[in-house]
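Visitor: From the sequence below, what's the structure:
(chains A, B, C and D)
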There are 4 protein chains.
Amino acid sequence: MAPNARSSTAPARPSWSSALTHIEPNRILVRGYPIDELMGRVHFGDAIYLLLTGDLPSPSIGRLIEAILVSFIDHGVTPPSTLAARNAATTGASIRGAVAAGVVGFGRHYGGDILACRQRLDEGLALARRGETLSKAATELINRLVTAREIPPPGFGHRYHTTDPRATRLLQIAHDLESDHRYTQLIRAMEHALAEHPALQGRPMPINVDGAIAAVCGDLGLPPEVADALLIASRVPGLAAHVLEEQAREPPMRVIDPLSHDYDGPSERRLGPRRK
Amino acid sequence: MAPNARSSTAPARPSWSSALTHIEPNRILVRGYPIDELMGRVHFGDAIYLLLTGDLPSPSIGRLIEAILVSFIDHGVTPPSTLAARNAATTGASIRGAVAAGVVGFGRHYGGDILACRQRLDEGLALARRGETLSKAATELINRLVTAREIPPPGFGHRYHTTDPRATRLLQIAHDLESDHRYTQLIRAMEHALAEHPALQGRPMPINVDGAIAAVCGDLGLPPEVADALLIASRVPGLAAHVLEEQAREPPMRVIDPLSHDYDGPSERRLGPRRK
Amino acid sequence: MAPNARSSTAPARPSWSSALTHIEPNRILVRGYPIDELMGRVHFGDAIYLLLTGDLPSPSIGRLIEAILVSFIDHGVTPPSTLAARNAATTGASIRGAVAAGVVGFGRHYGGDILACRQRLDEGLALARRGETLSKAATELINRLVTAREIPPPGFGHRYHTTDPRATRLLQIAHDLESDHRYTQLIRAMEHALAEHPALQGRPMPINVDGAIAAVCGDLGLPPEVADALLIASRVPGLAAHVLEEQAREPPMRVIDPLSHDYDGPSERRLGPRRK
Amino acid sequence: MAPNARSSTAPARPSWSSALTHIEPNRILVRGYPIDELMGRVHFGDAIYLLLTGDLPSPSIGRLIEAILVSFIDHGVTPPSTLAARNAATTGASIRGAVAAGVVGFGRHYGGDILACRQRLDEGLALARRGETLSKAATELINRLVTAREIPPPGFGHRYHTTDPRATRLLQIAHDLESDHRYTQLIRAMEHALAEHPALQGRPMPINVDGAIAAVCGDLGLPPEVADALLIASRVPGLAAHVLEEQAREPPMRVIDPLSHDYDGPSERRLGPRRK
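Guide: All right, here's what the predicted structure looks like:
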């Protein structure tokens, strides 16, 4: 039947299914949990994990997920995706439009590394399964990447940082929670192998936050797509904050200079002792 | 000087400022706090509030913000923005592209109500400041809206629910935390006035989640744009989950039927006693 | 019935209708015309007009529409929407994603003026219908806009140009084709009134391309939304060209400086005599 | 220097260059041509080709490009990208936002086939360069694709059509203009080999419009990215027309049924004799 013919009685169509959220009048169940039960009792980070994986996280895993979500929340005005959002904002686009412009501005070179990084880590773990130590597997993997001119490898290096504080902290939390296993051990070994490689002396290539997230999510058994989703969820509040600031402080249709700007927010401060 | 002339020595350009995040090599300060200090010690919901407003929330306010963020996280397959994201996903678009399609699909009729709702609430509060009780102000405001055929008013009514469990719960949490004040009192009074209006009998128009969020954020002193940003941050994980599910379970280029589908996720379940 | 219940036999649903394109196996009719008949015999500009309005344009109107479509095709690297697209492109986003980032970056201050401009023109024409000459209506309208601090008015002024060559040319073509009527006469009168206004001396506020398009489309009887659609259709090839150039010539993740750049394309050249 | 330090005197920065459009006060040169000279004298399709490639097309090539641009302009309500745009539109999103939602909804399975199709064609041409006839190269290529389960191959097959009228017509125009060469000859040979393959009997897999465009652009010496850009430029007016119709005819927040709809536009009609 032609696809746009008028049907007075539609034949039964194959139903399809979603396992995410059940909607009935006056009831919303997110992976089975009533949403009004989750509200006020479960943190947003836990609810994100629940929705993406199907279950609430244990307290340890929940803490790691929250740390991932906090890690990528913003990186100032210079990331191109943030500049895309600000440029959309200066034309008077809606918050949604400007945030969307920032979300599509996450290409494979920025926040799009997770999949590639996981693929390299999987290569390395395959080498290790064939009997090599993680250290040797890491060295061999780095050699392959140098030969393939894939340097810095996905998950390593950064435009500004020689040590990415977010990666350091995330791997530390994973370690403290005894959540670090093969993936994180391998990525640490790769960082070491990079630092030792004779052809790469003088080029700092620390694990970056993408790499740390890819490794930690690997050890948590989360597919790379879920890690991707966590990155997007993390950065959207940052994009929104930049859009709001742009539209509140700056005149419309201005030239946004990515080089000559400064920071005029709160000075450095520390969390008080109350927050654990 | 022509805007694209080559400058061998660029004159000093006016610098501009951002108060969000300070970046230096190896240091990232989000509103002054080192990000590696926030990670593992501050929840994602708190970090979102910090970025948007400039300070960490008190425990009460933090709980309310987390509840807002959880409330809007997903609403199943039928919201048009979710269908926009799924339709983009079925063509094989990237996660980012498909999520972005969902984000722009938040027009003024869906999740775009916050500003309009706040404007009506502000009208009502202005009436109350002139000496009327909130109850009378609500009644007069509803009369105006009926005359202007702005029924249901922004913040009221829902396609599926006659009582929106998310609104009920959010207002309850605000009440328990003694965070409810003029805005939430007014919106409750408006709900009552709508139920009592002679011309609107038989048409349930409960406060919906947009209205509850608009009122609660009003009492928290947050501008409507910040409430908007919280809505977007809340729904993005939901959009991502739908995109991931679409691309994992379904064949590409399928016809996504918004009417004939069902839920096959976990059955209804409750949180255990451990979670407060 | 709950919206997501499983239906083994779906009852008849109300069909809805679209008047744009009829699809059957092996047949595609665009507003009734077989697409393979349009291809090779009708220009793209004519097909756009056909799709948006329901009929092919007369040769005169077709020429005007083509001129509109050519007028907005690109404006170099500085428009914020183009910078949004280039910033998305430098992260390695897909062409589609980067172009989309540019499309949402058309807020009400850039290319979003058409509706506002038409509203002011309609105000002016209403004044003229009450017996005033267009010249007087224009002066009064400008006075209102000065009082309302809506200066420059939508459709007037430009960041770089004191005379917008696209507006000048478009109005000239309309005049040559005898397509200029009340709207274009009024906007010319407004330009004159702006130049004569005592409070605005020394501030060039020429009709810009948005204003010219708004006026010409008004005289063609096209609603502002159609004019909007023509603008978007016009600029998308420009956005695509910038994305392609960015990804072909420049390294990924570069800082895109909107101030220090130059043009290295073909030198100025003229069309030969063959093209009418 | 830290990237966000304040610079009172900015040192010279490396300028970068764009070869697309030169902007000076009151002058706009698109690939060297003054825009006001192009307007009214050059068709939109020619201007698109000029911007993307650097030169105006010859009349033959111009005709082919216009045919490509017309071919993909719309395909009714069922393409997922069009449904993404309509779903965004029903929430009240701006035209730009809704069109952008449709633009990102062109994933690799829909309109994203050009690159993959060109890669297969290049494989086939490489086989032919090694001495095989195109016919043999086509057969071998099809065999490879059958083995790799890449069936239908990119550029072949369609959800609704057993003969894609747009592909048939485009290849015919190319033939009439003597623009068809190796790429189009090969794709025709592949279509023949698919029809002859013993394992694929009974499964019509005609050249679809993507394949025809990929082949024709190959013979025109256009890179696949340019073909991609032409597809996007072609479909954007279609997306805009759907968004406008949705917002003009339908109530907001409606359920858009992709199965039960019909066409109520003009009946089939033919072009008059005047249009060549």
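Visitor: What segments of chain A are helices?
Guide: Secondary structure of chain A (DSSP state H): helices located at A:35-38, A:44-53, A:59-71, A:80-90, A:95-104, A:114-129, A:134-147, A:165-176, A:182-196, A:209-219, A:224-249.
Visitor: buried ones in the last one?
Guide: Translated: helix A:224-249. Applying a neighbour-count criterion of 16 or more other CB atoms under 10 Å in any protein chain shown, one finds A:224-247 buried in helix A:224-249. C-beta here means a position set from N, CA and C on the backbone, and glycine is covered the same way.
Visitor: Which residues are in contact with residue A:164?
Guide: A:158, A:206-209, A:212, B:26 (CB atoms under 8 Å, 6 or more residues apart in numbering or on different chains).
Visitor: What is the most widely separated pair among these?
Guide: Farthest pair in these (CB to CB) is A:212 and B:26. Separation: 14.7 Å.
Visitor: more crowded one of the two?
Guide: Applying other CB atoms under 10 Å in any protein chain shown to residue A:212 and residue B:26 shows that residue A:212 carries more neighbours, namely 29 against 14.
Visitor: Is stretch A:78-96 in proximity to chain B?
Guide: Yes. Using CB under 8 Å from any CB of the partner chain, stretch A:78-96 reaches chain B at A:78, A:94-96.
Visitor: Check the residues you listed one by one and keep those near chain D.
Guide: A:78, A:94, A:96.
Visitor: Retrieve the pLDDT associated with the first one.
Guide: Confidence at residue A:78, expressed as pLDDT, is 94.
Visitor: and the buried residues of helix A:224-249 near chain B, which?
Guide: A:225-226, A:228-229, A:232-234, A:236-238, A:240-245, A:247.
Visitor: Output the contacts of residue A:164 as CSV; include the columns distance to residue B:36 and pLDDT.
Guide: Below are those laid out as CSV (distance: CB to CB, whole Å; pLDDT from 0 to 100):
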residue, distance to residue B:36, pLDDT
A:158, 14, 85
A:206, 13, 93
A:207, 14, 96
A:208, 14, 95
A:209, 11, 95
A:212, 11, 97
B:26, 10, 94
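Visitor: Just these: which are in strands?
Guide: Among the contacts of residue A:164, no member falls in strands (DSSP state E).
Visitor: Just among those residues, which is most surrounded?
Guide: residue A:212 (29 neighbours).
Visitor: Tell me, how many residues neighbour the closest residue to it other than its chain neighbours?
Guide: Spatial nearest neighbour of residue A:212, excluding adjacent residues (CB to CB, 6 or more residues apart in numbering or on different chains): residue A:167 at 3.8 Å. Using other CB under 10 Å, the number of residues around residue A:167 comes to 27.
Visitor: who's in contact with residue A:167?
Guide: A:206-209, A:211-212.
Visitor: contacting residues for the one residue sitting closest to the centre of chain A?
Guide: Taking CA atoms, centre = their mean, the centroid of chain A lies closest to residue A:231, which sits 2.2 Å from it. Going by CB under 8 Å, 6+ apart, residue A:231 touches A:72, A:106, A:111, A:114, A:210, A:213.
Visitor: Tell me the one of these nearest chain B?
Guide: Lowest distance from chain B to the contacts of residue A:231 (CB to the nearest CB) belongs to residue A:106, with 4.8 Å.
Visitor: Quick check: end-to-end length of stretch A:39-56?
Guide: Taking CA to CA, to the nearest Å, stretch A:39-56 runs 13 Å from one end to the other.
Visitor: Which residues belonging to it are considered buried?
Guide: In stretch A:39-56, counting by 16+ other CB under 10 Å, buried: A:39-53, A:56.
Visitor: so how many other residues sit close to the residue in the stretch 51-200 of chain A positioned nearest to chain D?
Guide: Nearest residue of the stretch 51-200 of chain A to chain D: residue A:97, at 5.0 Å (CB to the nearest CB). Using other CB under 10 Å, residue A:97 has 29 other residues around it.
Visitor: Identify the residue nearest residue A:234 in space, chain neighbours excluded?
Guide: Residue A:234's closest residue in space is residue A:72 (CB to CB, 6+ apart), at 3.8 Å.
Visitor: close enough to count as contact, the one you found and residue A:239?
Guide: No. Between residue A:72 and residue A:239 there is no contact under CB atoms under 8 Å: 11.2 Å.
Visitor: follow-up on the earlier one: going through the contacts of residue A:231, which ones are buried?
Guide: Here, 16+ other CB under 10 Å leaves A:72, A:106, A:111, A:114, A:210, A:213 buried among the contacts of residue A:231.
Visitor: In CSV: those residues, plus pLDDT.
Guide: Shown next, in CSV, are the buried ones among the contacts of residue A:231 (pLDDT from 0 to 100):
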residue, pLDDT
A:72, 97
A:106, 82
A:111, 69
A:114, 89
A:210, 94
A:213, 97
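Visitor: And these, which two are furthest apart?
Guide: A:106 and A:213 (13.4 Å).
Visitor: what stretches of the stretch 51-200 of chain A score poorly on pLDDT?
Guide: The model of the stretch 51-200 of chain A has pLDDT under 70 over residues A:111-112.
Visitor: got the residues of it near chain D?
Guide: A:76-78, A:93-94, A:96-97, A:100, A:104, A:160.
Visitor: related to what we said a few turns ago, quick check, nearest of the contacts of residue A:167 to chain C?
Guide: Once CB to the nearest CB is applied, the member of these that ends up nearest chain C is residue A:208, at 12.3 Å.
Visitor: what sits against residue A:241?
Guide: So residue A:241 contacts A:74, B:20, B:51-52, B:229 (CB under 8 Å, 6+ apart).
Visitor: same thing but 6 Å
Guide: B:20, B:51-52 (CB atoms under 6 Å, 6 or more residues apart in numbering or on different chains).
Visitor: swap in residue A:195?
Guide: Per CB under 6 Å, 6+ apart, neighbours of residue A:195: none.
Visitor: burial measure for residue A:221, as a count.
Guide: 11.
Visitor: Against residue A:154, how distant is residue A:145?
Guide: Distance, residue A:145 to residue A:154, using CB to CB, to the nearest Å: 9 Å.
Visitor: Correct me if wrong: residue A:118 contacts residue A:214.
Guide: Yes. Using CB atoms under 6 Å, residue A:118 is in contact with residue A:214, at 5.1 Å.
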